[in-house]
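Trainee: coordinates only, sequence not included:
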């Protein structure tokens, strides 16, 4: 079999095996017209003044503690114009992770209080190891510290977001994707050379 025939054969076998409709029977009903894209505007970044800061709608059900934290964080970010309606998923993860981390730390503190300030337990074989809540709290804190900069919830990421927002309109660039011509011009200017 040719690769294309093999691919179709495997694809067809999958749908027969799992009792699903073959894609050719339902794909045509889901076709949507894509608007025409102006090729001259492709790749341009819209200025931040055009992006409206708004508190996003919840995308998942949150507990009372998580909802209280959600309200606090979204309101604070909204005051600085650093939130958008597409931030809901990231903020949901951050709120849940933070509340779980606090609960794990409280559990570890209770365990330490009951065990004279130590968090080590003895296994049935006689070995000592940290209590399970130690690992849970450590992993949640690590995960939280990875997510916080994504929403400008650390001091460095907040400062960077504020300074890039006030520096002239564009949303900035990802590191490593700068325009090489502009970088060359900036280096020449800094070195005191005349621009051509």
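Mentor: Looks like it came in fine. Given the structure is predicted, the values throughout are model-derived calculations rather than measurements. Numbering: from 1, shown residues only.

Trainee: Which residues belonging to stretch 148-157 are considered buried?
Mentor: Within stretch 148-157, the residues that count as buried by 16 or more other Cβ atoms under 10 Å are 148, 151, 152, 153. C-betas here are computed from N, CA, C, even on glycine.

Trainee: Equivalent analysis for stretch 133-149, please.
Mentor: Judged by neighbour count (16+ other Cβ under 10 Å), stretch 133-149 contains these buried residues: 133, 134, 136, 137, 140, 143, 144, 148.

Trainee: Quick one: residues contacting residue 129.
Mentor: Residues near residue 129 by Cβ atoms under 8 Å, 6 or more residues apart in numbering: 120, 121, 123.

Trainee: re the thing from before, dump the buried residues of stretch 148-157 to CSV, plus distance to residue 85.
Mentor: CSV is the format used below for the buried residues of stretch 148-157 (distance: Cβ to Cβ, whole Å):
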residue, distance to residue 85
148, 20
151, 13
152, 16
153, 18
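
Trainee: now, the most widely separated pair of these?
Mentor: Distance extremes for the buried residues of stretch 148-157: the farthest pair is 148 and 152 at 8.5 Å, using Cβ to Cβ.

Trainee: Which one of the buried residues of stretch 133-149 is nearest to residue 74?
Mentor: Closest to residue 74, out of all of the buried residues of stretch 133-149 and judged by Cβ to Cβ, is residue 148, at 14.5 Å.

Trainee: check contacts around the closest one.
Mentor: Counted by Cβ under 8 Å, 6+ apart, residue 148 has contacts 94, 154, 157.

Trainee: and the last one, what is it in contact with?
Mentor: Under the criterion of Cβ under 8 Å, 6+ apart, the contact list for residue 157 reads 148, 149, 150, 151.

Trainee: cool, the second one as well?
Mentor: Contacts for residue 154 (Cβ under 8 Å, 6+ apart) come out as residue 148.

Trainee: ok so residue 129 is a strand residue?
Mentor: Yes - assignment of residue 129 by DSSP: H, G, I helix; E, B strand; the rest coil places it within a strand.

Trainee: Who does it form a beta bridge with?
Mentor: For residue 129, the beta-bridge partners under DSSP bridges are residue 121.

Trainee: Please settle this for me: is residue 52 part of a helix?
Mentor: No - looking at residue 52 with three-state DSSP, it is coil, so not inside a helix.
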